[in-house]
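Okay, here's the prediction I keep looking at, along with the sequence it came from:
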Amino acid sequence: MANKLVAKIGPSILNSDLSQLYEESQNLLDNGADYLHLDVMDGHFVPNLTFGHPIVKCLRRKIKDAFFETHMMVSKPEQWIENMADAGVNQYTFHVEPVEDVPLVCRKVQEAGMKVGVALKPGTPVEVVVDYINMADMVLVMTVEPGFGGQKFIEPMMKKVAWLRTNYPSLDIEVDGGVGPSTIHACAQAGANMIVSGTAVTGSDNPGKVISSMKDIVNSEIIKNF
């Protein structure tokens, strides 16, 4: 179970060209982010609209070696599996809520050569993962409603994280939404080991210090409790 802090690349692309996206992404990696969490939104599953596989593929050409996770906030995640694999994505994280056959989507992601992440909205009971946890490399617990940045962290979601850590001790558990220096302790204590942070990092005058501090907190909790 590794401690990783993820740099979140999301709706800011709407106001950026590819060169700016590359510069922002590379800067985050240079400041200690372990990999890139790319928010893909279709305007249906969530109201916002971001970018798709052509942008991801272009970014991959510029950033050859970093681990790419796409967070697919889309109504039909099965539709984009092959395209994202071709774009160079390493982990395909999709929401279970709009999917009728989650194990089938998991298998298709595996067959495409990507790791499987399953994501849960705040209102989705964590116990739903029991049916396909053996196929998932990671579970993402959303700590805000998906689709918009800058929302307030939903503290009760830590019960989901703690449940997952208790029942699946070696599982990678990711948290996304409102995570920063003021909320990282709660995430770490509950058992999250993969931390997605957006505004708290990109809006900081010293992103490297913020990333390093949060990674140290998570690592300390992993060593102490897990």
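Alright, I've got the coordinates.

what secondary structure does the residue nearest the centre of the chain sit in?
Residue closest to the mean C-alpha point of the chain, counted by CA atoms, centre = their mean, is His37 at 5.1 Å. Under DSSP: H, G, I helix; E, B strand; the rest coil, His37 falls in the strand class.

same thing with Val116?
strand.

Could you report the separation of it from Met194?
14 Å (CB to CB, to the nearest Å). All C-beta spots, glycine's among them, are computed from the backbone N, C-alpha and C.

Specify which residue of the two has the higher count of neighbours.
Met194 (25 against 21; other CB atoms under 10 Å).

element containing the nearest residue to the more buried one once chain neighbours are set aside?
Of all residues not flanking Met194 in the chain, Glu174 sits nearest, at 3.9 Å (CB to CB, 6 or more residues apart in numbering). Using DSSP states H and E, Glu174 falls within strand 172-176.

Strand partners (parallel or antiparallel) of that strand?
When pairing is defined by DSSP bridges, strand 172-176 lines up against strand 138-142 (parallel), strand 194-197 (parallel).

Verify the stated contact: Glu24 with Val201.
No: using CB atoms under 8 Å as the test, Glu24 is too far from Val201 to be in contact (10.5 Å).

of the two, who's got more company?
More crowded of Glu24 and Val201, by other CB under 10 Å: Val201, with 26 against 17.

What strand or helix carries that one?
Secondary structure from DSSP H and E places Val201 in helix 199-202.

Show me what that helix is packed up against.
Counting contacts by 3 or more CB pairs under 8 Å, 6 or more residues apart in numbering; DSSP states H and E, helix 199-202 packs against strand 4-9, helix 18-30, helix 207-225.

Just say which of those is most tucked in.
Across these, averaging neighbours per residue (mean count of other CB atoms under 10 Å) puts strand 4-9 on top, at a mean of 25.

Could I get the average pLDDT for that one?
For strand 4-9, mean pLDDT is 56.

Stretch 167-176 now?
95.

so where's this protein shaky on pLDDT?
Across the chain, residues meeting the criterion (pLDDT under 70) sit at 1-17, 148-150.

one step back: other residues contacting the strand holding Glu174?
1-2, 6, 8, 37, 71, 93, 117, 137-144, 157, 161, 164-165, 187, 191-196 (CB atoms under 8 Å, 6 or more residues apart in numbering).

Tell me how far that strand lies from the chain's centre.
7 Å (CA atoms, centre = their mean, to the nearest Å).

same thing with stretch 196-214?
Stretch 196-214 has its C-alpha centroid displaced from the chain centroid by 16 Å (CA atoms, centre = their mean).

same question, stretch 173-181
Counting by CA atoms, centre = their mean, stretch 173-181 comes out at 9 Å from the chain centroid.

Buried residues, it. List them.
Neighbour-count burial for stretch 173-181 flags Ile173, Glu174, Val175, Asp176, Gly177, Gly178, Val179, Gly180 (criterion: 16 or more other CB atoms under 10 Å).
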